[in-house]
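> how does the following fold in three dimensions:
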Amino acid sequence: MLAVATIAVALRLPRLGQRPMHGDEAVQAVKFSELLEKGFYRYDPDEYHGPTLNYLTLIPARLSGTQKFADLSEATLRIVPVFFAVSLVLLLLLLADGLGWPAVIAAAVLTAVSPAMVFYSRYYIHEMLLVCFSFGVITCGYRYTQSKNIRWALLAGMFLGLMHATKETCIIAFGSMLLAGLLTLVMRRQRQSPVSNA
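Next up is the predicted model:
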């Protein structure tokens, strides 16, 4: 897993600032500039998504000493989705006892080298954060079902909140998770119920 994570970083980190910013990225960068320079974020449900991308971007901006929008680099912005893309690969570790190591390693490799995942991991928009937080709900929810430790339930709740604060389309993922959970319970009960000999 360390080797796979290293590959994920190696494919995502180099030359982050080389590609010109896409229009979607530029819009998010301008929105972040309000938070960077004026210290506030105002949610606009008609045009923009939630504040997590912006507030998390404050971390690399402050670490690099950036105070003004004009001094902001593409790499400083894009390092945020890179971080969550690599975190997504590492979250698979929490499923090793359920899926088995071969499946976890295969999923990690495919996630690390997928051209689409690499592209969106280097793209300053909300999608990689939403995917990581969604998978965080799944992994922590699974850990809770295995251990009944309240810590995992709290972490799953935190990830649910982060999904909601990231993008309003999280409602689609919420519905999908709920439906999958209900179907899993139904299938489990069917397997556990005694077969009647008619």
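
> skipping adjacent residues, who's closest to the most centrally placed residue in the chain in space?
For the chain, residue 132 is the residue whose C-alpha lies nearest the centre (C-alpha atoms, centre = their mean; 1.8 Å). Nearest non-adjacent residue to residue 132, counting by C-beta to C-beta, 6 or more residues apart in numbering: residue 84, 4.1 Å away. Every residue, glycine included, has its C-beta placed from N, CA and C.

> element containing residue 16?
Counting by DSSP states H and E, there is no helix or strand that carries residue 16.

> if you could redo that for residue 128, that was the one I meant.
Taking DSSP H and E as the criterion, residue 128 maps to helix 127-147.

> repeat that for residue 177.
Mapping residue 177 onto the secondary structure by DSSP H and E places it in helix 170-192.

> the residue nearest to the centre of the chain against residue 86, yeah?
No - counting by C-beta atoms under 8 Å, residue 132 sits too far from residue 86 to count as a contact (9.3 Å).

> which stretches in this structure count as strands?
Taking DSSP state E as the criterion, the chain carries no strands.

> for it, what spans make up the helices?
Residue ranges of the helices in the chain, as given by DSSP state H, are 2-12, 23-38, 52-63, 74-91, 96-99, 101-113, 115-121, 127-147, 150-166, 170-192.

> would a markdown table of the ones you listed with distance to residue 45 be doable?
Rendered in a markdown table, the data for the helices of the chain read as follows (distance: least, C-beta to C-beta, whole Å):
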| stretch | distance to residue 45 |
| --- | --- |
| helix 2-12 | 31 |
| helix 23-38 | 13 |
| helix 52-63 | 15 |
| helix 74-91 | 22 |
| helix 96-99 | 37 |
| helix 101-113 | 31 |
| helix 115-121 | 23 |
| helix 127-147 | 16 |
| helix 150-166 | 13 |
| helix 170-192 | 13 |
